[in-house]
Every structure is written in C-alpha cells, then in structure tokens.
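In: Structure here, sequence nowhere to be found:
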Ligand SMILES: Cc1ncc(C[n+]2csc(CCOP(=O)(O)OP(=O)(O)O)c2C)c(N)n1
Ligand SMILES: [Mg+2]
C-alpha cells in the first residue's frame, strides 16, 4: 500500500515536472487498502486479474513489479506495452493479467471469458478471476451484461466496486438510484458484500471470504467498498467539485494511516520499522526511475507497424 | 494565429446560443453541468440555463437512446460524448435507431451528437479516434467536421437546427490551438465544401485539423513555386463532389488527406468519386494519405509517425507533382 502510494506520488511529480510523462496520470490515492485486499487473494500465474484505473496497489499485490508501472508511464520500449499504450492501460494477458481498454466496464466479460475457457479445457481447478470497477462504471451496459453473464455461467469471479462517490466530477446522485450498489447483487443473483474501504482489515476479510466462496463454486461475488477519492480524477484535475465537508467524513480517512496505526497498536510493527520500510520503498522507486529513464524509447523506424499477428495478411503501407 | 475566440469557445458559444434561441434544446452528457465538461465545452452553461444541462450516468447507449426519445417528442438534444472513442458504446442507438427513424416512420430525429475527435500526443488508442467514416457509412446520418472557428460555431448551430441526426466531429487539437477574431458570418451551408487556399498545380482534399497541416504543406511547396489548392470538405456526408471535381479540373492532380485509419473512409470516398466521375480531369493517379493501419500509439514518437504530418503531406505532394 505504501509502495503504491509512494510510486504514484512519484508519477504525479514526474507528470507535473513536465515532459517525462505525456498524457495523463491517474492515481488510486485512498483506494490502496481496497485494491490491495483484492490483489493479495490472487496468485500470479494461476488466477486472472483485470484491474482498472485506481488499482496500483492491487497490481503490486498481485505481483506486478514496480518497473512495469514506470516503463508503461514513461513509454519505454522495454515495457509490457512498448510505448504503444500507456499509464494504467497495461498488463500481460497471456499471464492472466488483463490490460484494460479505456471503455469502462469492458473488462468484466473478458475476465469471465478467460475463466469460462479454463472450465471448458478442464484447467480451472481452484483458479478465480477478479476485476474492478468504480461507481461510475456500474452505469455501463457492459458492466450489466458482463455481471449477468458471469452469474448465468456461475463463474468464480470477484467483482470489486470501489464507490469513491464520484465519477470524474459526477456524484453518486447522478449515477444510480438504488440505496447501495450492493443491492444490485440480488438482482444479478450473486452474493454481495459491503465494506468500509478505508479499513484494511474489513477489506481483507471481505475479499478473503469472496475468494473462498468463488473457489467453492458459489459463483460471482460482488464486494462494494465505500471511500472517497483522495486525488483528482487525474493529475490535471483539482477536484474542486468535491465539497470540503466531504473531506472530513469517515469515508475520507486515509486507509494507509488507519492501517499503520492499527498495525502498531497490535504490536505487529513498530514506528521505527515503518520508517525503515519507507526508506526501502524510496530507494526502490528512485532506483527504478533512474534505470527506466536510461532505457530506449520506441523508434518509429524500427517499430513493427502491424496490428495483425499474421504478417502475410497485413496490407499496403504497414507491411514490412 | 491571433484572435480572441478559440475553436473550443466557439463550440461553447454555439451551445449557448442554441439554448437561448430555442427552448427545445437541452444538453446531455457526462460531467457537463457544474464541471462544464472534460474539455470545458459547456462551461457555465448549466448555471446560465438551469434545468437544461444534465450530467448523465456513464451510459452512452442510454444517453443516445434518451436523446432520440426526446427528439421524437419535439426536443432538440445535444449529446456530448466525453471522447469520440466512447461513442462506440452508443453505436447501436446511433446507426440503428437514430439513423433509420425518419426513413422507417417519417418521424424527425433532430439529435446532435458531439464527438471530441482526433489525436493529441500521449492520448493513446482510446482517446484519439476519428470516427467520421464509420458513421458516414450508414444512411440517415449527417457528418460534419469543422476545421475553423467560424465553422465550429455556425455548423453546430446548423446541426441543431437540422431535423436529422448529426454527428458533429470536433477536433481536440484545435480546441485551444485555433483562434479567430470572432465567429464571423454564416458562410456556407452544411454540404458545401470550401476552398481553403486557392492553387493550380495540385488539389489537396481534406477536413478537420488536417486542413491546417495541408495549408502548411502548401506553404512549404510554394517556396518551390507550386500553387497548391486546399479543399476543406466541412461535412464529409454529404460530400460536396462538385467542389472537389471543380478543383481537380483546375489542377489535374489530387491528394486526399485524412487523420483516420486507412481502410476505406473519407479519403477513399473522395478518390473513388473523382476516379469514377472525373477520371478525364486527372493528369496523375490520385493519391491518398492516412494514418497507419494500427491502433493509435501512446508514445509521441510513434504517434507522430502514425498520422499524416506537414512533412508527409508535403512529401506526398512532391511525388504527386513529379508524376
Ligand atoms: C464508456 C466510457 N465512457 C466514458 C469514459 C470516460 N471516463 C473515464 S473515467 C470516468 C469516470 C469513472 O468513474 P468511476 O467508474 O466512478 O471510477 P473512478 O474514476 O471514480 O475510480 C469517465 C467518465 C470511459 N472511460 N468509458
Ligand atoms: Mg468513482
């Protein structure tokens, strides 16, 4: 969680410094506990993960190395996306790590499809899939269709809904009319839970339970977490539309502070250890930024401009 | 270019005037009310016209459906897609519901759908698309692609006044980069192309932001003594074949330029019309220049090589003139 926060702060700084990151930077500040709690349920290489905008902490928990984030944001030719796509639009689908497109809700059915195929092949075992959306993405047809389809197919899929109360500037009141998004679970015929997403322990309990039920054949699991987006929609956005009073509510608590305080109280970790850990985090991120900065960027003359894997079928100007 | 009104402000102005002039107009789209839209094309309109500017849920299919239903009841909605790319989610409602309504039922469908279109550096495959050709393929839609501040303003007002569904493709790169003294006078109607720069050695037919790149390429060739005519299509459907043929009759050479993907599309349509109706006018095989046949890349190095540029347009013109 703290690595995620520090890494994202670094991305924000690189973006604001100008030149280094072109396009946008989208942070998961405040959503680390909820995202990480899902990520740690998953086993890289065995489970299928389809993260979205605010899942940096989940990606790290799933096992994505820090360098993949930086290579993608900095557009390095060495990265998983080779500079073809950027920022949060990254993954390694062949390793069960899906690369989101921007169109919200679109990944849910894709993760479902991967699970479906494994079941067909007889290789599903106790693998599960997990994907996330925000409150806004629940308004898409793709979310509804995917959710219903996964329920009909009774797939072992966890769907997390991070209700951070805003979709860009749009508040919940203009997004949905049910009382709590978890009410939708009943309509889809799936199990749903609602947690305080600022509390790591509640998040871990909820996702652990969801994973166990999915593995036990109980079908899709919805976990709704309530929190507040503690950053702008992207680093270009000051989020001035979020009223001040919201920033002083329970939902606006910083999940990292809450978790750190709890861990110290329980005697799991000391303040000194936390400080030392932070030094390690800083070193790792800084060294990785330095390393990636020296890596090659894509060269249009060396680029393979082929959108098809079947080279013989690539036409005209793009054929090599 | 100097001036006091940007392309983006012209779009806002047009919506302001549409709302003021006709109580049947309302705006529907994501984050467009208090926030004023992702690009601020509706800044303050919610305050100035209470109850007529609505934040929609993230539901493009339903947003277009709602607009069609409202239009049937006599409203004249303007729908803002946050990015053209997301209109693919509303595709079914646009091409099957809106586009067929009049033909099937003789019911008017005065819906305007605004698509923030085209590439900007770092925007990647899903925030950069130009979708005019895909909509133009369907009967029953009008597709406009304004390239100037004046057209951005007047063509949006004209779109709202039309009793047919209009896909209004506004180019994101022009939003802040293009300025003019004022929105000017109403000049040409939708369906008429414009000679953006007169010439006699070759014709470039293009539209939207590429008009400006083509003009700069023409300026470059002028240094070598060539007069290049640039035709701005303004609306890609209907396409003003007469103006295109008239220009090719003067120059004998044609280059069609578009920022969209190369398969089919607007440039192919231009070439096919000239080849079939004006073959005798041509002194050289007609040429076309488009983006590459891959998704639109994120990294600026790749992005710049993916799309036509001033220098690639100039290069294409040189080989066209050498023929
Ligand atoms: C289909 C579609 N429409 C519009 C957008 C533009 N868009 C990107 S993020 C966003 C808001 C998303 O809100 P939410 O789902 O609540 O996620 P959050 O950003 O709050 O994490 C919008 C409207 C999009 N990506 N996809
Ligand atoms: Mg949200």
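Out: On my side now, so go ahead. Please read these numbers as outputs of a predicted model, since none were measured by experiment. Numbering: from 1, shown residues only, chains lettered A, B, ... in the order given. Ligands and ions are numbered 1, 2, ... in the order given.
In: So the residue lying closest to residue B:93 once chain neighbours are set aside versus residue B:70, what's the distance?
Out: Distances taken as C-beta to C-beta, 6 or more residues apart in numbering or on different chains place residue B:64 nearest to residue B:93, at 3.8 Å, with adjacent residues excluded. All C-beta atoms are positioned from the backbone trio N, CA, C, and that covers glycine. Separation of residue B:64 from residue B:70 (C-beta to C-beta, to the nearest Å): 11 Å.
In: do residue A:256 as well
Out: 46 Å.
In: Same question for residue A:201.
Out: Distance from residue A:201 to residue B:70, by C-beta to C-beta: 48 Å.
In: What of residue A:125?
Out: For residue A:125, the distance to residue B:70 (C-beta to C-beta) stands at 51 Å.
In: ditto for residue A:185
Out: Counting by C-beta to C-beta, the gap from residue A:185 to residue B:70 is 32 Å.
In: Compare the two and say which is more crowded by neighbours.
Out: Taking other C-beta atoms under 10 Å in any protein chain shown, residue A:185 and residue B:70 do not tie; residue A:185 has more neighbours (23 against 18).
In: Pretty sure the more buried one sits in a strand.
Out: No. Residue A:185: not assigned to a strand; according to DSSP: H, G, I helix; E, B strand; the rest coil it is helix.
In: doesn't residue A:210 make contact with it?
Out: No. Using C-beta atoms under 8 Å as the test, residue A:185 is too far from residue A:210 to be in contact (11.1 Å).
In: between the two, what contacts are shared?
Out: With contacts taken as C-beta atoms under 8 Å, 6 or more residues apart in numbering or on different chains, residue A:185 and residue A:210 have residue A:191 as neighbours in common.
In: And the pLDDT at whichever residue of chain A sits closest to ligand 2?
Out: As assessed by C-beta to the ion, ligand 2 sits closest to residue A:134 within chain A, at 3.6 Å. Turning to residue A:134, the model gives it a pLDDT of 98.
In: same check, this time on residue B:1
Out: Among the per-residue scores, residue B:1 holds a pLDDT of 49.
In: Excluding chain neighbours, what is closest to the spatially most central residue of chain A?
Out: Central residue of chain A (C-alpha atoms, centre = their mean): residue A:55, 2.3 Å from the mean position. Leaving aside its chain neighbours, residue A:55 sits nearest to residue A:35 (4.6 Å; criterion: C-beta to C-beta, 6+ apart).
In: Pretty sure the one you found sits against residue A:56.
Out: Yes. Residue A:35 lies in contact with residue A:56 (C-beta under 8 Å); the separation is 7.1 Å.
In: Need phi/psi at residue A:104.
Out: The phi/psi pair for residue A:104 (degrees, to the nearest 10) reads phi -60, psi 140.
In: That one is in contact with residue A:142, isn't it?
Out: Yes. With contacts counted by C-beta under 8 Å, residue A:104 reaches residue A:142, the gap being 7.3 Å.
In: Those two: which has the busier surroundings?
Out: residue A:104 (24 against 20).
In: which stretches of the stretch 51-200 of chain B have low pLDDT?
Out: Scanning the stretch 51-200 of chain B for pLDDT under 70 picks out no residues.
In: mind listing the helices for it?
Out: Ranges of helices in the stretch 51-200 of chain B, per DSSP state H, counting those that start in this stretch, are B:60-72, B:91-92, B:99-105, B:132-136, B:149-161, B:174-177.
In: Tell me which of these sits nearest to ligand 2.
Out: Going by C-beta to the ion, the one of these nearest ligand 2 is helix B:60-72, 17.0 Å.
In: Please point out which parts of that closest one sit buried.
Out: Within helix B:60-72, the residues scored as buried using 16 or more other C-beta atoms under 10 Å in any protein chain shown are B:60, B:61, B:62, B:63, B:64, B:65, B:66, B:67, B:68, B:70, B:71.
In: what sits up against it?
Out: With C-beta under 8 Å, 6+ apart as the test, helix B:60-72 has contacts from A:140-141, B:26, B:28-29, B:56, B:77, B:79, B:81, B:86-87, B:89-90, B:92-94, B:97-98, B:101, B:107-111, B:113, B:165.
In: Thought residue A:56 was touching residue A:4, still the case?
Out: Yes. The pair residue A:4 / residue A:56 is scored as a contact, 4.6 Å apart, by C-beta under 8 Å.
In: Quickly list what's touching both of these two.
Out: A:28, A:32, A:35.
In: Could you check how many residues crowd around the second one?
Out: For residue A:32, the neighbour count with other C-beta under 10 Å is 32.
In: The one 10 residues further on now?
Out: Around residue A:42 there are 24 other residues, counting by other C-beta under 10 Å.
In: Then residue B:53?
Out: There are 25 residues near residue B:53, going by other C-beta under 10 Å.
In: And the one 5 residues further on, by the same measure?
Out: With neighbours defined by other C-beta under 10 Å, the count for residue B:58 comes to 29.
In: What of residue A:218?
Out: For residue A:218, the count of nearby residues is 14 (other C-beta under 10 Å).
In: and it, which of the three is it?
Out: Under three-state DSSP, residue A:218 falls in the coil class.
In: correct me, but it touches residue A:189?
Out: No. Counting by C-beta under 8 Å, residue A:218 stays clear of residue A:189, with 11.2 Å between them.
In: name the helices or strands packed onto the one helix or strand residue A:115 maps to?
Out: In this structure, residue A:115 is located in helix A:106-121 according to DSSP states H and E. Packing partners of helix A:106-121 (3 or more C-beta pairs under 8 Å, 6 or more residues apart in numbering or on different chains; DSSP states H and E): strand A:48-50, strand A:129-134, helix A:141-152, strand A:157-163.
In: by contact count, what packs against the last one?
Out: Of the remaining helices and strands, those touching strand A:157-163 by 3+ C-beta pairs under 8 Å, 6+ apart are helix A:32-39, helix A:106-121, strand A:129-134, helix A:141-152, helix A:200-215, strand A:221-226.
In: Equivalent analysis for the third one, please.
Out: For helix A:141-152, the helices and strands in contact under the criterion 3+ C-beta pairs under 8 Å, 6+ apart are helix A:106-121, strand A:157-163, helix A:183-188.
In: next structured bit after the second one?
Out: The one in question is strand A:157-163. Past strand A:157-163, the next helix or strand by DSSP H and E is strand A:166-167.
In: Look up the residues forming beta bridges with the residue of chain A found nearest ligand 1.
Out: Closest residue of chain A to ligand 1, C-beta to the nearest ligand atom: residue A:134 (2.3 Å). As for beta bridges, residue A:134 partners with residue A:162 under DSSP bridges.
In: tell me the contacts of it?
Out: If you count contacts by C-beta under 8 Å, 6+ apart, residue A:134 has them with A:52, A:53, A:54, A:104, A:161, A:162, A:163, A:164, A:167.
In: if you set the cut-off to 10 Å instead, what comes out?
Out: Contacts for residue A:134 (C-beta atoms under 10 Å, 6 or more residues apart in numbering or on different chains) come out as A:31, A:52-54, A:104-105, A:160-168, A:175, A:229, B:58.
In: residue of chain B with the smallest distance to ligand 2?
Out: Closest residue of chain B to ligand 2, C-beta to the ion: residue B:58 (9.5 Å).
In: Wait, that residue touches residue A:106, no?
Out: No. Residue B:58 is beyond contact range of residue A:106, at 11.8 Å (criterion: C-beta atoms under 10 Å).
In: which residues are common contacts for the two?
Out: Listed as contacting both residue B:58 and residue A:106 by C-beta under 10 Å, 6+ apart are A:137, A:140, A:142, A:143, B:89.
In: what would these look like in CSV with distance to ligand 1?
Out: As requested, the shared contacts of residue B:58 and residue A:106 are exported to CSV (distance: C-beta to the nearest ligand atom, whole Å):
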residue, distance to ligand 1
A:137, 4
A:140, 6
A:142, 7
A:143, 9
B:89, 5
